[in-house]
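[1] missing the sequence, but the structure's below:
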């Protein structure tokens, strides 16, 4: 996978677009997107499958509902996996990589996990029953104005706000918030994590920096994933991973992910270890 764009610029440009222009994405851009997808991998070693849907192939549009959330979209990308350990994290990593690439191309996107007709899209995208189909995103050119439902949703989830550093990042244990000065060269990668998108803007990632290792934890929002047959916030943890990974690579900080490095720590309620990043 060749990342030839600025992670900071892409993260800054990306926002959830729910209202699109009628303009279709040019064929050369769609070809570039598919080439980028074909180059993807993830540090968790799991297979993520991508599926495309263009307006011309939508034979029964009324069954491809997004409950009024998305308007005007002509293209969609769907993702499927096998439900296995680290599969959802792998999906979040790869799809967010694509979304950042689309932002680099000045194209809008919107993570959809619970607000789309899963059966209708699965049929249109020829997705098998043995595949888990957690997420789709429309993509295209953002309309000049947001529609009323979009404005209301952004206000409800406080879409433009992010938790502060002392709520997300810690030194050695969960009792000691990590300062930006203490983070040193890891300040930029952690800031890219902080700015990441997440389901309903819950921002479930927490990171402890201890002995040159960043330990990533999920704060499991009580009851939030109950409507899914899987923990949807694990996808968010994959988003945190790709933001961190792209940022350390951009700054040429060497390291690797390892899901077997859980430290012996006293954890707050609803906190669960997910993976670590080890600095070389």
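    Cool, the structure landed. Quick caveat: nothing in here was measured; it's all calculated off a predicted structure.

[2] All the strands of the stretch 1-150 of the chain, in order from the start?
    All strands of the stretch 1-150 of the chain, identified by DSSP state E, counting those that start in this stretch, fall at 49-54, 75-81, 108-109, 132-140.

[3] Comparing those strands, which stretch has the densest surroundings?
    Scoring the strands of the stretch 1-150 of the chain by mean neighbour count under mean count of other CB atoms under 10 Å gives strand 108-109 as the most buried, with a mean of 25. For the C-beta atoms, the positions are set from N, CA and C on the backbone; glycine is no exception.

[4] re the thing from before, what's the closest of the strands of the stretch 1-150 of the chain to residue 7?
    Proximity to residue 7 (CB to CB) singles out strand 108-109 among the strands of the stretch 1-150 of the chain, at 15.9 Å.

[5] Look at residue 65 and report its pLDDT.
    At residue 65 the predicted local distance difference test score is 68.

[6] Would you map out the domains in this protein?
    The chain is divided into the following domains under automatic domain parsing: 7-154, 165-279.

[7] Redo the ones you listed as TSV? Include distance to residue 1.
    Shown next, in TSV, are these (distance: least, CB to CB, whole Å):
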stretch	distance to residue 1
domain 7-154	5
domain 165-279	10
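
[8] Need the strands of the stretch 1-150 of the chain in a markdown table (columns: mean pLDDT and distance to residue 167).
    Output for the strands of the stretch 1-150 of the chain, formatted as a markdown table (pLDDT from 0 to 100; distance: least, CB to CB, whole Å):
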| stretch | mean pLDDT | distance to residue 167 |
| --- | --- | --- |
| strand 49-54 | 94 | 33 |
| strand 75-81 | 95 | 29 |
| strand 108-109 | 97 | 26 |
| strand 132-140 | 95 | 26 |
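
[9] before we move on, the earlier item: just give me the lowest mean pLDDT stretch among the domains of the chain.
    Ranked by mean pLDDT, these end with domain 7-154 in last place, scoring a mean of 90.

[10] now that domain: how far from the chain's centre is it?
    When C-alpha coordinates are averaged (CA atoms, centre = their mean, to the nearest Å), domain 7-154 and its chain have centres 11 Å apart.
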